[in-house]
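In: fold the following, please.
(one chain, ligands or ions: 2)
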Amino acid sequence: MPHSFPGHYPATRLRRGRAHDFARRLSRETKLSVDDLIYPIFVTEGEPVNVTAMPGVQRHTLDGLMREITDVVALGIPAVVLFPVIDPDKKTPDAEEAANPDGLIPKAVRAIKREFPELGVMTDVALDPYTSHGQDGVIDGDGYVLNDPTVDILVRQTLAHADAGVDIVSPSDMMDGRIKAMRAALEQNGHVNTIIMSYAAKFASSFYNPFREALGSAGNLGKADKRTYQVDPANTDEALREVALDLKEGADMVMVKPGMPYLDIIHRVKETFGVPTFAYHVSGEYAMLKAAIQNGWLDERAAVLESLGSFKRAGCDGVLTYFAKDAARYLASN
Ligand SMILES: NCC(=O)CCC(=O)O
Ligand SMILES: [Mg+2]
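Out: Numbers count the residues shown, from 1 in each chain. Ligands and ions are numbered 1, 2, ... in the order given. A predicted model of the protein is given here:
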């Protein structure tokens, strides 16, 4: 006697579609590809250093950077984003070095574009690598980050990067009105095709700590925090207002940051605006996964592909991730 269900025979058996690999492949709804990846790279004026809290991540000299870029291009990753580790002697309260047209980042951009003109090069527009106090802007006597004077420096930083040939400028500071000011400056200076990917909804998260070690800004910041400009982690509507404003001011692409703890925000942003939407799978998320992988508690390939796949399911067009090279390798051998 075959088993039977009381009442109707179940004509809908969802497990039918899962029974064979071919059927699972045919009905897969979202797919991660190498085209979705942006690889963050730390470039230093000093010595190459391994970042302790980010196993597998280094600060690269300009030579080391070019070796990384060669790998990235061979793997077919479409773009990189550069973060500078600035000599402590060059850090000042007003971050003047950020706008230096011959600074580390403009130099790195020129070097990459000279050898690999097809690779998308993105730079961070923010002052925290350059300030002696570790904040993303200039501060008053109480340590409060001043909006408009900060935007003025960000605009000069933007032009220094654009003049060096960067493809995407990516402001991560969360000052009000900076997209409008940057877009106007780019237009007025002939950089009509420079893309702005705004960190539109950047949350005041605890998941950035390893990044601050990588950048060498943790000591500068000390016990201060960034809650007077980054979004409160409890908020969603406010994140949407941030995205709406950045789009209105001229952003081409928007980013949500961090990534996995904020998949709900990504989903709402994509549903609401339908614009190119990215997530930053940040240093603390990388560190968590790496720690578990190194303990043998998670399988690296499976955990990385599932984590990055969650961004596609939530609605992302792409993701900035320290796992980009690993993921590209896994995807090539899928
Ligand atoms: N402006 C870039 C970041 O703050 C990155 C954060 C991270 O990876 O933790
Ligand atoms: Mg904003």
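
In: contacts only, for the spatially closest residue to Ser206 that is not a sequence neighbour.
Out: Closest residue in space to Ser206, ignoring its immediate chain neighbours: Gly284 at 6.9 Å, by C-beta to C-beta, 6 or more residues apart in numbering. (Glycine included, C-beta is placed from N, CA and C.) Taking C-beta atoms under 8 Å, 6 or more residues apart in numbering, we find Gly284 in contact with 205-211, 258.

In: quick one: is the host helix or strand of Gly284 near ligand 1?
Out: If you go by DSSP states H and E, Gly284 is part of helix 283-294. Yes. Applying C-beta under 6 Å from any ligand atom, one finds that helix 283-294 is in contact with ligand 1 at 283-284.

In: so which bits of that helix are buried?
Out: Neighbour-count burial for helix 283-294, counted by 16 or more other C-beta atoms under 10 Å, picks out 283-287, 289-290, 293.

In: need the mean per-residue confidence for it.
Out: Averaging pLDDT along helix 283-294 gives 98.

In: and for stretch 315-326?
Out: Average pLDDT, stretch 315-326: 98.

In: got it, and stretch 70-77?
Out: Per-residue pLDDT over stretch 70-77 has a mean of 98.

In: the closest residue to Phe116 other than its chain neighbours: which element?
Out: Leaving aside its chain neighbours, Phe116 sits nearest to Val73 (5.5 Å; criterion: C-beta to C-beta, 6+ apart). If you go by DSSP H and E, Val73 is part of helix 62-74.

In: helices of the stretch 151-300 of the chain, start to end?
Out: 178-188, 209-215, 218-221, 237-249, 263-273, 283-294, 300-314 (DSSP state H, counting those that start in this stretch).

In: run through who's touching the second one.
Out: Residues from elsewhere that reach helix 209-215 (C-beta under 8 Å, 6+ apart): 42, 51-54, 57, 59, 83-85, 128-129, 134, 218, 221, 282-284, 286-287.

In: JSON lines please, covering the contacts of Gly284 and showing pLDDT, distance to Arg25 and neighbour count.
Out: Below are those laid out as JSON lines (pLDDT from 0 to 100; distance: C-beta to C-beta, whole Å; neighbours: other C-beta atoms under 10 Å):
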{"residue": "Ser205", "pLDDT": "97", "distance to Arg25": "36", "neighbour count": "18"}
{"residue": "Ser206", "pLDDT": "96", "distance to Arg25": "38", "neighbour count": "11"}
{"residue": "Phe207", "pLDDT": "97", "distance to Arg25": "33", "neighbour count": "23"}
{"residue": "Tyr208", "pLDDT": "96", "distance to Arg25": "37", "neighbour count": "24"}
{"residue": "Asn209", "pLDDT": "95", "distance to Arg25": "39", "neighbour count": "15"}
{"residue": "Pro210", "pLDDT": "95", "distance to Arg25": "36", "neighbour count": "24"}
{"residue": "Phe211", "pLDDT": "94", "distance to Arg25": "36", "neighbour count": "25"}
{"residue": "Pro258", "pLDDT": "98", "distance to Arg25": "31", "neighbour count": "21"}
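
In: take the residues you listed and write them to a markdown table, including distance to ligand 1.
Out: Formatted as a markdown table, the contacts of Gly284 follow (distance: C-beta to the nearest ligand atom, whole Å):
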| residue | distance to ligand 1 |
| --- | --- |
| Ser205 | 8 |
| Ser206 | 10 |
| Phe207 | 6 |
| Tyr208 | 4 |
| Asn209 | 7 |
| Pro210 | 6 |
| Phe211 | 3 |
| Pro258 | 7 |
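
In: of those residues, closest to Arg15?
Out: Set against Arg15, the nearest of those by C-beta to C-beta is Pro258 (34.9 Å).

In: I'd assumed Val282 was in contact with the closest one.
Out: Yes. Using C-beta atoms under 8 Å, Pro258 is in contact with Val282, at 4.4 Å.

In: joint contacts of those two?
Out: Common neighbours of Pro258 and Val282 (C-beta under 8 Å, 6+ apart) are 205, 207-208.

In: make JSON lines from these and add distance to Ala95 to it.
Out: Rendered in JSON lines, the data for the shared contacts of Pro258 and Val282 read as follows (distance: C-beta to C-beta, whole Å):
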{"residue": "Ser205", "distance to Ala95": "22"}
{"residue": "Phe207", "distance to Ala95": "24"}
{"residue": "Tyr208", "distance to Ala95": "18"}
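
In: Lys91: which of those residues is nearest?
Out: Distance to Lys91, by C-beta to C-beta, is smallest for Tyr208 among those, at 18.3 Å.

In: residue contacts, that closest one?
Out: Residues in contact with Tyr208 (C-beta under 8 Å, 6+ apart) are 258, 282-284.

In: got it, and Val282?
Out: 205, 207-208, 211, 257-259.

In: in those residues, find the pair that's most separated.
Out: Most distant of the contacts of Val282, by C-beta to C-beta, are Phe211 and Gly259, 13.0 Å apart.

In: out of the helices of the stretch 151-300 of the chain, deepest packed?
Out: Ranked by mean neighbour count, the helices of the stretch 151-300 of the chain are led by helix 209-215 with a mean of 21 (mean count of other C-beta atoms under 10 Å).
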